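K.L.:
Need a 3D model of the following:
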Amino acid sequence: MTKMDISRRTFIHTAAAAGGGMILGFSIPGISPALARSVMPEGWKDPAGGVEISAWLTIDTDGTVTVRVPHTEMGQGALTSVSMFIAEELDVPWKDVKAVFASANRHITQGEEYVNMSTYGSNLVRNRHPHILQAGASARERLKEAAALQWGVARSAVTAKQGVLSSGGNKGTYGEFASAAAAVSLAEEPKAKEYLDWWLLGTDVPRMDVDIKTDGSAIYPIDAVVPGMVYASVMSCPVPGGRLKSYDFNVIKDRPGVIQAVALTQVKDKLGRTDQMSGIAVVADTFYRAKTALELMPVEWDLHAGIGLSTQSMEAEAQGLLGMDAEHVEEVRGDPRPILAASPADKIVTADYMRPTESHVCMEPAAALVSITKDRVDVWSKTQSVQGTLMLVADQLGRPPSEVYCHGTSQGGGFGFGSAHPAPRQAAEIAQAVGRPVKVIWTREEDIAQARTRPPVWGRFTAAIGSDGLPTAMHARTVGSSQKPDFADRVIVDQHYSVPNYRFERHAVKSHIPIGYNRAPGANSNGFLIEQFADEMALAGGWDPLEWRIKMTEGNERWQRVLAKMKEVCGYTTDLPKGVGMGVAVVEAHNATVGACATVEVTKRGALYIEKVHIISNTGYVINPRNAHEQNFSSVVWELSHALTGGLDIQGGRITNGNLDKYALMRMPEAPVVESSWAMSHDGWWGGFGETSAPPTPPAVANAIFAATGKRVRSTPIIKHDLSWS
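P.N.:
Alright, predicted model coming up:
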């Protein structure tokens, strides 16, 4: 079988029609097929009709408001969050709001009307809300001004509420005044509402894209199709950084459907995150044929010196460095070394921790479609910034950015790797070479082998315990990556426990494995280190770990809120039978303070069951509790997947566990119960939600394992540890 046109959309119908007897029926409460969609499957297409009030929104005569969302929807709720901000300030019934993706081409050609189109770092709500709210407020005031001019009253005398304008005996809908409002210019833009004046923000709102993702009609990059399109399977050097030496297209050129082989040109010796890698592509009329031919084509690589690197060699180097003074030093609060040296051995706590190199393993393998014509270039791609991808493709093709159109789609995960993915560059180069639209699809093996990984980190911590059981001095030394971006320090350097004498040192281990952003970068791995050592310090001093954290963060309002709420709602206790344990952890990242309380059970034979993870979030504000809980659930499962079974194995300079059979992710039956509670400060600062409940989860589970078994899990994957007890 060499030609497969069947899609995941049509498989069920095809199987039933062929007599396979496969029939799948379901219904989702609250979704009625009679209702119009709030997000169209091809979300980059603006619906016909409607008056444009601004770049952000249009209003139909029937009052329907279509919000143009400039941010990427990766499953985290961007479409809903942006639309809620606009609806809040516009004051329009939520049922009348729809969403489409904004045009990146418009953004770059018309003065960056959307201010910023990137979507990473938990930035959308926490940092973009001021200008999004202001866009909704501006539209509201322009509608009021249009009504005021027609009715001969002051704008302050006009009320805008739930899609209706009124003043005295005058009344009209937003739809009736949309055309007039489009022509209004305000002398001064209005300010956004205060928190206490919200009517929509802060309430539970279902995600706008639930229906299209439920029925399978949502378009992802891997689904995009244009006339005349062909497919490409790509491969770069399995030892990252190596170069293509040769390939023999003659061996495969006569295979069915094969069109061409294209060498991918690397122009820089030292690759940045957005640069083209050396590689080879095979183009065919189906992806299956392209992939099969590429696997059969003889390819020779220049593997370079990276072949000497292995997981074991990095471990050996790191262990050596942990015993040496480092050049990078931050003496946060005095020098702890004299105190540590003078303290008796029974008052010293020391421990080593480690998290390995880890992958993104997004649900959707990377894909990019590029169509080139004389007048324009169209792009559908894995991305966390449609604007950034537009510029990247323009650069690759040498075309003016004004001629490139990068279309927003649903995304099957990003986790940081989509912020600057190589796939659109590859698709652009191949499409230019073959003269046809080309869709590049990465295999899972290529996705893992070429990912900008989460770097490994090793840590050694030492503390002296005073007469009150609290630490008087602490020394932290870590070993991280020598590459940039470098995330290894801040969660440990900026730890919020009031140890009076504290020093941090950092080494770097050599590696050619590319690193990059990976959901809660830095905080994800380093939280595992510092929050376990916090428990070890507390227990060494005879303190309850939760009470110790409360004592050690006195005066820190954000942490005190989280810890007080944790004490109130989680039922944390150390008085549990053997084999059952609870553990807590708190990590601050992306301007959010988030705690986790985990409950686990470990059988005598060492089988681990994570029963519940309770997340307590202080992000300043929460605009949609339902979506916030979904984010928490996602982050918990994501981070537990890596902590329990993840970790990349590197041998001979290459990653050896390149698919989900060897890099296992948590399955639905394995997922714990996840509960969410809020401990919001509501005092003017905003934190992120998209990744901030991930970092405290693994250390909370590890601390719970210790409580259950007496065994300390200081490295991941946890599955490699013997947790049995008697």
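K.L.:
hmm, who's touching whichever strand or helix holds residue 504?
P.N.:
Applying DSSP states H and E as the criterion places residue 504 in strand 502-509. Here strand 502-509 makes contact (Cβ atoms under 8 Å, 6 or more residues apart in numbering) with 314, 317-318, 321-322, 324-326, 328-337, 456, 458, 473-482, 488-489, 492-493. In short, each C-beta sits where N, CA and C put it, glycine included.
K.L.:
switch to 6 Å and redo it
P.N.:
With Cβ atoms under 6 Å, 6 or more residues apart in numbering as the test, strand 502-509 has contacts from 314, 317-318, 321, 326, 328-333, 336, 474-479, 482, 493.
K.L.:
Stretch 636-653 too?
P.N.:
If you take Cβ under 6 Å, 6+ apart as the criterion, stretch 636-653 is touched by 239, 306-307, 309-311, 356-359, 613, 655-657, 664-666, 671, 674, 694, 697-698, 716-719.
K.L.:
what element comes up after the helix or strand harbouring residue 635 heading to the C-terminus?
P.N.:
For residue 635, the element it lies in under DSSP H and E is helix 625-645. Remark: after helix 625-645, the chain's next helix or strand is strand 650-651, criterion DSSP H and E.
K.L.:
Sheet partners, orientation included, of that following strand?
P.N.:
Paired strands of strand 650-651, with direction, are strand 654-655 (antiparallel) (DSSP bridges).
K.L.:
roughly how far is the partner strand from the heart of the chain?
P.N.:
Its chain's C-alpha centre and that of strand 654-655 lie 24 Å apart, by Cα atoms, centre = their mean, to the nearest Å.
K.L.:
again, but for stretch 715-723
P.N.:
25 Å.
K.L.:
can you give me the mean pLDDT across that stretch?
P.N.:
The average pLDDT within stretch 715-723 is 97.
K.L.:
And stretch 158-166, by the same measure?
P.N.:
For stretch 158-166, the per-residue pLDDT averages 98.
K.L.:
Okay, buried residues for it please.
P.N.:
Using 16 or more other Cβ atoms under 10 Å as the test for burial, stretch 158-166 gives 158, 160, 163, 164, 165.
K.L.:
Distance of residue 417 relative to residue 695?
P.N.:
Counting by Cβ to Cβ, to the nearest Å, the gap from residue 417 to residue 695 is 18 Å.
K.L.:
no, scratch that, I was asking about residue 354
P.N.:
For residue 354 relative to residue 695 (Cβ to Cβ), the value is 16 Å.
K.L.:
who has more neighbours, the two?
P.N.:
Higher neighbour count among residue 354 and residue 695: residue 695, with 32 against 21, using other Cβ atoms under 10 Å.
K.L.:
and the residue nearest to the more buried one when sequence neighbours are not counted, how many neighbours?
P.N.:
Counting by Cβ to Cβ, 6 or more residues apart in numbering, residue 695 lies nearest to residue 527, which is 3.5 Å off, once chain neighbours are set aside. When neighbours are counted by other Cβ under 10 Å, residue 527 registers 30.
K.L.:
Pretty sure residue 697 is one of the things residue 527 touches, is it not?
P.N.:
No. Residue 527 lies out of contact with residue 697 (Cβ atoms under 6 Å); the separation is 8.6 Å.
K.L.:
Is the residue nearest to residue 695 in a helix, a strand, or coil?
P.N.:
For residue 527, the secondary-structure state derived from DSSP: H, G, I helix; E, B strand; the rest coil is helix.
K.L.:
and if you look at residue 683?
P.N.:
Of the three states, residue 683 takes coil according to three-state DSSP.
K.L.:
hey, where'd the helices end up in the stretch 551-700 of the chain?
P.N.:
With DSSP state H, counting those that start in this stretch as the criterion, the stretch 551-700 of the chain has helices at 557-569, 625-645, 697-709.
K.L.:
Would you reformat these as CSV and include mean neighbour count and distance to residue 577?
P.N.:
Formatted as CSV, these follow (neighbours: other Cβ atoms under 10 Å; distance: least, Cβ to Cβ, whole Å):
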stretch, mean neighbour count, distance to residue 577
helix 557-569, 19, 22
helix 625-645, 22, 23
helix 697-709, 27, 9
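K.L.:
Scan this protein for its longest helix.
P.N.:
Taking DSSP state H as the criterion, the chain has its longest helix at helix 124-151.
K.L.:
Any buried residues in that one, and which?
P.N.:
Using 16+ other Cβ under 10 Å as the test for burial, helix 124-151 gives 124-129, 132-148, 151.
K.L.:
For residue 296, grab the count of nearby residues.
P.N.:
Neighbours of residue 296 under the rule other Cβ under 10 Å: 12.
K.L.:
any idea how far the strand holding residue 504 is from the chain center?
P.N.:
27 Å.
K.L.:
Partner strands of it, with direction?
P.N.:
strand 328-333 (antiparallel), strand 471-481 (parallel).
K.L.:
deepest of these, which one?
P.N.:
Among the strands paired with strand 502-509, strand 471-481 has the highest mean neighbour count (mean count of other Cβ atoms under 10 Å), at a mean of 25.
K.L.:
Show me what whatever helix or strand comes next after it is in contact with.
P.N.:
For strand 471-481, the following helix or strand on the C-terminal side (DSSP H and E) is helix 490-493. Helix 490-493 is contacted by residues 330, 476, 504, 522, 523, 526, 527, 530 when judged by Cβ under 6 Å, 6+ apart.
K.L.:
Find the residue closest to the first one in space, skipping its chain neighbours.
P.N.:
In this case it means residue 330. Closest residue in space to residue 330, ignoring its immediate chain neighbours: residue 504 at 4.6 Å, by Cβ to Cβ, 6+ apart.
K.L.:
give me the beta-bridge partners of the one you found?
P.N.:
residue 330, residue 476.
K.L.:
for the one helix or strand residue 463 maps to, the distance to its chain's centre please.
P.N.:
Assigned by DSSP H and E, residue 463 belongs to strand 457-465. Here strand 457-465 is found 29 Å from its chain centre; the criterion is Cα atoms, centre = their mean.
K.L.:
Relative to it, what are the paired strands and their orientations?
P.N.:
Note on strand 457-465: by DSSP bridges, its sheet partners are strand 348-355 (antiparallel), strand 471-481 (antiparallel).
K.L.:
can I assume residue 365 is in contact with residue 442?
P.N.:
Yes. When contacts are counted by Cβ under 6 Å, residue 365 is listed as touching residue 442 (5.0 Å).
K.L.:
Between these two, which has more neighbouring residues?
P.N.:
Set residue 365 next to residue 442 and count neighbours by other Cβ under 10 Å: residue 442 wins out with 26 against 20.
K.L.:
quick one, phi/psi of that one?
P.N.:
For residue 442, the backbone dihedrals are phi -80, psi 140 (criterion: degrees, to the nearest 10).
K.L.:
which ones are touching it?
P.N.:
Contacts of residue 442 by Cβ under 6 Å, 6+ apart are 365, 366.
K.L.:
any idea which helix or strand carries residue 532?
P.N.:
Using DSSP H and E, residue 532 sits in helix 523-540.
K.L.:
picking that back up, compare the strands paired with strand 457-465 and give me the one nearest residue 249.
P.N.:
Among the strands paired with strand 457-465, strand 471-481 comes nearest to residue 249, with 37.2 Å by Cβ to Cβ.
K.L.:
could you check the angle helix 523-540 makes with that closest one?
P.N.:
Angle of strand 471-481 versus helix 523-540, following axes from the mean of the first three to the mean of the last three Cα atoms, to 10 degrees, is 150 degrees.
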